[in-house]
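J.: Sequence isn't available, so here's the structure alone:
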């Protein structure tokens, strides 16, 4: 036990308290694994907490803690993108390693933060920022390091997954389940970040960078929420052998195919996936990420995407990695920094400028729900329009009318470029026999 | 690209060839991630291969390659426990880092090999030895490093899982599916290692060591195969909401409870698990490991457990980790070796002598199939015996007689220490009304 590694925790909310509890519970295990002593020396908190070990210095001056001589690693769990950013930059400038769970901050300012960290020869670790306790950052950066990632698909927002699971299992409408999720504390009072997919988009931006070796480009993530998903569509999907999940996709496209572009698709949207896929059976607040890479093939990682214990586990895994760096003899040799795992998995000068595709360039299958007057020619009209647009139909379900004279037609298509689907839907909606806007939800076979 | 890391591959079977293919396919990606050049300089093969790059030296003298000045990392993929062991020890002695996929060798001789590696300040990496392409070694050693592992359960033999999946899905008997697995190349001509659980026991010994920080103790793994599983039991299990999988379990017991012992259970056996558990839906040759740790909770890792691509992915992930070690300035400072990830996740002097429990001390739930004459008192007799033994019944299913006068009774129990179950079954089998041996299969709720 030659070194004692000194930690500062900034923020004593759920996660900060979780980290303290983890260290209290598992200190023996941490020492047995690392061979080092690990101590919390300072915590940043707005008001004094009487339940904290009196040997730990408490202060509301986060900037002072970030520069303290009594701190090796700064754990930022205050959240937000203003103060958190200032504090992290200050810690980096003062030669501290940083561990953060702040997905919004990294997705929006990560390029700048990581570059600043490289410049100051410190590491900014962020396992807890994506999928909570699932070690997807380590897996993608290290375990899959020899693979070429083709695509990944993830349930990376627990609130959204809880809502989709309850709608399907209990047959309850969206608004109803959202209220329950808020009552249970799964969803915020303002649920926009979760249900509109913004939180998932933050995480997807991080996953895509380490999958493909591209800079963080949160602003280019196409994002569609689940607020428009109805029970009707959930049930039709089930009947056809699919389940609707709110997924984030990062897909490499090589430009093969008729009108396919070369680049990366970054998209968050409700998606029909096959019922028997493991990903379709990840329920409640659980998260999961499915990665398809060459030559490994598909691997799935599943667990708790949030909560004190799961997030603390990820934060402390990062700390344990840093403990090895700090314990190594060349920890003070700043010139040797190049041989850590690069922040975005690829060495900075090798990040690529592969374009992020626009929505119209993206290729997915579709579920279409079309409402029409019960006219014998309508199905022929619709299928002709799709066929003329070069869109292949995989399945059709025509249900009995639920309003007099109106029948919903459900159509599943094979993958097609969105611009082509847009034109086809425009034409379908101009048919005299069509009574409503066409409802469309993307579909992926995960093959 | 300051360094060129020189690899030797010993053995050019499926895996060795897979490694060469991976490097050919993904060399750009490897360089973009590592910032280093990676070259295969020598391969060990019994006969010359014309399809290998002529710049690579080919030789059948494995010991010479293991000591070659032109090699930094030795990749051992010849298998077996005799020559492989000699070659690995020779490589270590000559200061080479070693990457191996050899589960049998490590499970049986790992304590000695790892100690020798520590002594010579080199690393022996073995991601490919357990669950193929699933990065379970990295996850357990690094990503879960802050957790206390409570238990793990794994489908860690693809052949066994293929057989159990086919029996259930197609209603085909064991022997029939085994023949098909052999024809497909999933099972060896001598399938003993797979179907008797020995291969799974090798992997379980490795997983248990890194989960709990105990030395490798393959000889103490309790091991039960799947050769005795009948379609009848598969179907009864399904009817009761369970599925039979061949699982490896490593469980920490703290001695609470009536007759519970303190120690670790290491066991491989067919197990009924709930149908809706993700683990129950991992089908075909796929592998998966479910880990329950504090404070993280349950996480699941799933993917291909064998095959050229998956195994090469794991081998090269180890190589990429070593590339960072070799690229670091203190690579030649042998005294600094203590700060790598310990071979068995815990530093050697902190490995614990926690006892491995004997079969009679292990605690599991049970599925019992009892055949009795259709006598009104028989169910009362059986349940009284179980109740007297303090065994709690969770469910009973009494099916109509399939032979005249005989009815199978299916009983599911809550967890009970095996010694108590042994006594109860002995008593049940002595009842006059019982016509056959009691069939028992373990059951776990994975809760």
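T.: Good, I have the coordinates. From a predicted model like this one, the values you see are computed outputs, not experimental measurements.
J.: do you know how far residue A:143 is from residue B:135?
T.: In this structure, residue A:143 and residue B:135 are 3 Å apart, going by C-beta to C-beta, to the nearest Å. For glycine as for every other residue, the C-beta is placed from the backbone atoms N, C-alpha and C.
J.: Now the common contact residues for the two.
T.: B:127, B:317 (C-beta atoms under 8 Å, 6 or more residues apart in numbering or on different chains).
J.: Give me the below-cutoff pLDDT ranges for the stretch 251-400 of chain A.
T.: Where the stretch 251-400 of chain A drops to pLDDT under 70, the residues are A:258, A:329-339.
J.: mind listing the helices for chain A?
T.: A:14-34, A:62-66, A:83-93, A:103-119, A:136-138, A:158-170, A:174-183, A:192-195, A:198-212, A:231-239, A:308-327, A:378-388, A:418-430 (DSSP state H).
J.: Let's have those in JSON lines, adding distance to chain B and mean neighbour count.
T.: Formatted as JSON lines, these follow (distance: least, C-beta to the nearest C-beta, whole Å; neighbours: other C-beta atoms under 10 Å in any protein chain shown):
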{"stretch": "helix A:14-34", "distance to chain B": "4", "mean neighbour count": "20"}
{"stretch": "helix A:62-66", "distance to chain B": "22", "mean neighbour count": "21"}
{"stretch": "helix A:83-93", "distance to chain B": "21", "mean neighbour count": "20"}
{"stretch": "helix A:103-119", "distance to chain B": "12", "mean neighbour count": "20"}
{"stretch": "helix A:136-138", "distance to chain B": "5", "mean neighbour count": "26"}
{"stretch": "helix A:158-170", "distance to chain B": "11", "mean neighbour count": "22"}
{"stretch": "helix A:174-183", "distance to chain B": "19", "mean neighbour count": "16"}
{"stretch": "helix A:192-195", "distance to chain B": "21", "mean neighbour count": "20"}
{"stretch": "helix A:198-212", "distance to chain B": "10", "mean neighbour count": "27"}
{"stretch": "helix A:231-239", "distance to chain B": "16", "mean neighbour count": "18"}
{"stretch": "helix A:308-327", "distance to chain B": "3", "mean neighbour count": "25"}
{"stretch": "helix A:378-388", "distance to chain B": "34", "mean neighbour count": "16"}
{"stretch": "helix A:418-430", "distance to chain B": "29", "mean neighbour count": "17"}
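J.: Residue B:120 is nearest to which of those helices?
T.: helix A:308-327 (19.8 Å; C-beta to C-beta).
J.: Which neighbouring elements make contact with that closest one?
T.: Applying 3 or more C-beta pairs under 8 Å, 6 or more residues apart in numbering or on different chains; DSSP states H and E, one finds that helix A:308-327 makes contact with strand A:4-10, helix A:14-34, strand A:73-76, strand A:97-100, strand A:124-125.
J.: follow-up on the earlier one: want to throw the helices of chain A into CSV with distance to residue A:54?
T.: Formatted as CSV, the helices of chain A follow (distance: least, C-beta to C-beta, whole Å):
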stretch, distance to residue A:54
helix A:14-34, 13
helix A:62-66, 17
helix A:83-93, 24
helix A:103-119, 31
helix A:136-138, 35
helix A:158-170, 36
helix A:174-183, 37
helix A:192-195, 37
helix A:198-212, 37
helix A:231-239, 54
helix A:308-327, 22
helix A:378-388, 71
helix A:418-430, 60
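J.: Minimum distance to residue B:243: which of those has it?
T.: helix A:158-170 (19.9 Å).
J.: Which residues outside that closest one are in contact with it?
T.: So helix A:158-170 is contacted by A:132, A:155, A:172-174, A:177-178, A:180-181, A:186-187, A:191, A:194-195, A:197, A:200, A:226, A:229, A:231, A:234, A:238, A:243-246, A:270, A:282-287, A:304-306 (C-beta under 8 Å, 6+ apart).
J.: Can you tell me the number of residues neighbouring the residue nearest to residue A:392 when sequence neighbours are not counted?
T.: Spatial nearest neighbour of residue A:392, excluding adjacent residues (C-beta to C-beta, 6 or more residues apart in numbering or on different chains): residue A:414 at 4.1 Å. The number of residues packed around residue A:414, counting by other C-beta atoms under 10 Å in any protein chain shown, is 14.
J.: got a list of what residue A:414 touches?
T.: Here residue A:414 is in contact with A:365, A:391, A:392, A:393, A:394 (criterion: C-beta under 8 Å, 6+ apart).
J.: ok, now how distant is the residue lying farthest from the centre of chain A from chain B?
T.: Centroid-distance maximum for chain A: residue A:376 at 45.0 Å, with C-alpha atoms, centre = their mean. Distance, residue A:376 to chain B, using C-beta to the nearest C-beta, to the nearest Å: 41 Å.
J.: Might you report the residue contacts of residue A:29?
T.: B:146, B:147, B:148, B:213.
J.: and chain A, which of those residues reach it?
T.: B:146, B:147, B:148, B:213 (C-beta under 8 Å from any C-beta of the partner chain).
J.: Out of those residues, which end up buried?
T.: B:146, B:147, B:148, B:213 (16 or more other C-beta atoms under 10 Å in any protein chain shown).
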